[in-house]
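>>> got a predicted model here, sequence first, then my questions.
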Amino acid sequence: MDSNAPLSASRRAILGVGATLLAAGSAAGAPAKAGGSETQAMGVLERYAGFGDKAAGGPGDIACGEWLEGQLKALGYACERQPFEVPAYEGEAPTLSIEDAQACLIPQAIVVPTPGLTGRLFVPNRGQGEIALLVLPYARWSTAKGEVERRVKAAVAAGAKAAVVVTTGPTGEGLALNTPVDKPLFDIPVGVLAPREADPFVEAAAKGATATLRMAGRSFRRPAWNVTATLKRGAAKTLVISTPRSGWFGCVGERGSGLAAWLLLVEWAAKARLPVNLALVATSGHEYEYAGGEQFIEHLAPKPADTALWVHLGANVAARDWHERGAQLAPLPSADPQRYLLASPHLVDACKAAFAGQPGLEQTYPVDPKQTAGELASIVRAGYDPAMGIFGSHRFHHARGDDLRCVSASLVPPVADAFAQVIERALTKPA
């Protein structure tokens with residue numbers, strides 16, 4: 001297969017025939033590396049893609065969790081589900097309509113529904129009205145907190161009854177935005193509009209034209225659960241290896257590449273003679289300010305004093321890079337370098353050696369709670385030291401287009417292998 005060509009999911013792999021870790025790991029003749037094989041990685045990526053959307057507590061997330069349990073039990077781990085609740089939205093797709101155009105929106109969670117709100121479309125600081133159109137600057141947007149929150153609340157203060165956010169970025173797609181799990185971040189309906197569909201609405205807002213925002217689905221809460229697993233060896237301390245599994249849309253590059261590396265790594269850890277117990281978690285609720293990770297840290301994770309090392313595989317572990325030519329994107333065989341590797345100071349040199357040559361990861365940063373993102377930030381704030389992990393955002397981060405085109409199986413094993421090298425050194429040799 002041409003490594004520059006977009007990948008497509010085969011029907012066989014999506015149905016799961018012969019794609020398990022154990023089957024792939026027993027391929028004849030190939031010596032087993034700590035990071036597993038490209039064949040194993042491809043099997044996981046295709047299977048993960050086949051589950052469809054991975055919204056926390058939804059059918060794809062649940063099916064993925066059930067599948068992971070089977071994989072982990074086959075490796076000898078004892079599994080336990082950790083339940084909690086997450087927000088959800090279902091029903092018709094939200095829309096923004098003007099006289100001569102209509103576009104579907106991404107409903108901004110936690111959704112405040114409206115059967116239909118009609119009023120003047122306006123750009124704050126350039127006009128007044130009821131539906132604010134907020135065009136964000138170019139970035140790889142991922143959260144509604146911070147800058148987006150500030151802009152929406154300023155629009156509300158200016159009289160807006162609803163807001164539509166344009167997430168300007170490299171793909172032209174609308175980007176779903178993370179949000180807190182407990183209550184709506186905004187008191188008004190908020191939707192996300194794709195930049196490539198925004199032009200007629202920007203023109204309408206400049207004229208103060210009438211628009212209608214419709215977001216008539218049901219906003220509710222539903223159960224979700226973390227997959228947790230342990231392998232007890234009677235050791236004094238435990239190695240924790242974590243990854244999120246839920247996310248917006250298919251999230252194959254954002255989430256699937258990390259999940260694939262995680263599965264290869266935990267298979268190696270189950271077979272390696274490490275002087276530690278093992279504790280694993282694949283969390284749901286990531287989109288809601290890392291809700292599943294927070295639940296695990298608070299209730300099921302070993303205490304910091306009982307933890308030998310925590311390794312976290314977050315977003316964009318091994319998504320592919322793209323050439324940008326205006327609005328056109330062309331896939332590259334290399335990894336998107338917009339991924340960050342952080343480690344406790346005494347592990348930095350080992351990480352630099354192990355991850356050398358891997359774009360973005362060859363530069364290891366000392367863990368700093370102020371510079372760390374995602375679940376890794378929660379891990380560090382909770383007092384876990386030593387710790388190391390990856391987070392980042394590739395071009396299709398939080399976009400509907402984050403599918404198998406965004407990954408290359410060859411990028412996954414080197415990450416798992418490098419983590420294994422650092423783990424082995426940290427646990428079996430003096431720092």
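Arrived safely, thanks for sending.

>>> could you use CA atoms for every contact and neighbour count after this?
Fine.

>>> give the contact list for Ala162.
Leu117, Glu130, Ile131, Ala132, Val156, Ile188, Pro189, Val190, Leu213 (C-alpha atoms under 8 Å, 6 or more residues apart in numbering).

>>> where exactly do the strands run in the stretch 1-150 of the chain?
For the stretch 1-150 of the chain, the strands defined by DSSP state E, counting those that start in this stretch occupy 78-90, 95-98, 101-104, 106-107, 114-122, 131-135.

>>> just checking: what are the partner strands of the last one?
By that I understand strand 131-135. Strand pairing for strand 131-135, determined by DSSP bridges: strand 114-122 (parallel), strand 162-166 (parallel).

>>> which strands and helices sit next to whichever helix or strand comes after the shortest one?
Moving toward the C-terminus from strand 162-166, the first helix or strand encountered (DSSP states H and E) is strand 190-193. Applying 3 or more C-alpha pairs under 8 Å, 6 or more residues apart in numbering; DSSP states H and E, one finds that strand 190-193 contacts strand 106-107, strand 162-166.

>>> buried deepest among the strands of the stretch 1-150 of the chain, which one?
strand 131-135 (a mean of 25; mean count of other C-alpha atoms under 10 Å).

>>> list of residues touching that strand?
Under C-alpha under 8 Å, 6+ apart, the answer for strand 131-135 is 118-124, 151-152, 155, 160-168, 202, 205, 211, 213.

>>> how about the helices and strands packed on strand 190-193, which one is nearest Val367?
strand 162-166 (32.8 Å; C-alpha to C-alpha).

>>> now the closest one, how far from the centre of its chain.
23 Å (C-alpha atoms, centre = their mean, to the nearest Å).

>>> any low-confidence regions in this protein?
The chain contains residues with pLDDT under 70 at 1-33, 429-431.

>>> how near is the residue nearest to Val252 when sequence neighbours are not counted to Ala270?
Among residues not flanking Val252 along the chain, Asp403 sits closest, at 5.0 Å (C-alpha to C-alpha, 6 or more residues apart in numbering). Applying C-alpha to C-alpha, to the nearest Å, the value for Asp403 to Ala270 is 30 Å.

>>> neighbour count winner among these two?
Asp403 (26 against 17; other C-alpha atoms under 10 Å).

>>> does that one really touch Arg255, like I thought?
No - the criterion here is C-alpha atoms under 8 Å, and Asp403 misses it with Arg255 at 10.3 Å.

>>> who's sitting farthest from the centroid in this protein?
The outermost residue of the chain, judged against the average C-alpha position, is Lys207 (38.3 Å), by C-alpha atoms, centre = their mean.

>>> before we move on, the earlier item: and the residue nearest to Val252, its phi and psi?
phi -130, psi -160 (degrees, to the nearest 10).

>>> got it, and the one 3 residues further on?
Main-chain torsions, Cys406, degrees, to the nearest 10: phi -90, psi 0.

>>> Val317 is in contact with that one, correct?
No - applying C-alpha under 8 Å as the test, Cys406 and Val317 come out as separate, 11.8 Å apart.

>>> settle it for me: which of these two has more neighbours?
Each of Cys406 and Val317 has its neighbours counted (other C-alpha under 10 Å); Val317 has more, 36 against 28.

>>> want to throw the strands paired with strand 131-135 into TSV with distance to Asp182?
Shown next, in TSV, are the strands paired with strand 131-135 (distance: least, C-alpha to C-alpha, whole Å):
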stretch	distance to Asp182
strand 114-122	20
strand 162-166	21
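
>>> wait, which of those is closest to Asn277?
Closest approach to Asn277 among those is made by strand 162-166 (46.3 Å; C-alpha to C-alpha).

>>> quick check: buried residues in the closest one?
By 16 or more other C-alpha atoms under 10 Å, the buried positions in strand 162-166 come out as Ala162, Ala163, Val164, Val165, Val166.

>>> my read: Thr364 touches Cys351, true?
Yes - at 6.5 Å, Thr364 counts as touching Cys351 under the criterion of C-alpha under 8 Å.

>>> which neighbours do these two share?
Ala343.

>>> tell me which of the strands paired with strand 131-135 approaches Ala55 most closely.
strand 162-166 (20.5 Å).

>>> what's the spacing between Val165 and Val281?
Computed as C-alpha to C-alpha, the Val165 to Val281 distance reads 34 Å.

>>> what sits against the nearest residue to Thr210 once chain neighbours are set aside?
Closest residue to Thr210 apart from its sequence neighbours, by C-alpha to C-alpha, 6+ apart: Arg120 at 4.4 Å. Going by C-alpha under 8 Å, 6+ apart, Arg120 touches Gln128, Gly129, Glu130, Ile131, Ala205, Gly208, Ala209, Thr210, Ala211.

>>> which one of those is nearest to Ala224?
Nearest to Ala224 among these: Ile131, at 33.5 Å, using C-alpha to C-alpha.

>>> beta partners of the closest one?
Going by DSSP bridges, Ile131 forms beta bridges with Leu121, Ala162.

>>> what of Ser219?
Beta-bridge partners for Ser219, by DSSP bridges, are Tyr89.

>>> residues near it, how many?
15.

>>> was I right about it contacting Tyr89?
Yes - contact criterion C-alpha under 8 Å: Ser219 and Tyr89 qualify, at 4.5 Å.

>>> need the residues touching each of the two.
Counting by C-alpha under 8 Å, 6+ apart, the shared contacts of Ser219 and Tyr89 are Val111.

>>> would you put the C-alpha positions of stretch 223-232 in PDB?
Output of stretch 223-232 as PDB, limited to C-alpha atoms (Å, rounded to 0.1, in the frame of the first residue of the first chain):
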ATOM      1  CA  PRO A 223     -24.600   6.500  31.700                       C
ATOM      2  CA  ALA A 224     -21.000   6.000  30.600                       C
ATOM      3  CA  TRP A 225     -18.200   3.900  32.000                       C
ATOM      4  CA  ASN A 226     -14.400   3.600  32.100                       C
ATOM      5  CA  VAL A 227     -12.800   0.400  31.200                       C
ATOM      6  CA  THR A 228     -10.400  -0.400  34.100                       C
ATOM      7  CA  ALA A 229      -8.100  -3.400  34.300                       C
ATOM      8  CA  THR A 230      -5.500  -4.700  36.700                       C
ATOM      9  CA  LEU A 231      -2.700  -7.400  36.700                       C
ATOM     10  CA  LYS A 232      -1.600  -8.000  40.300                       C
END
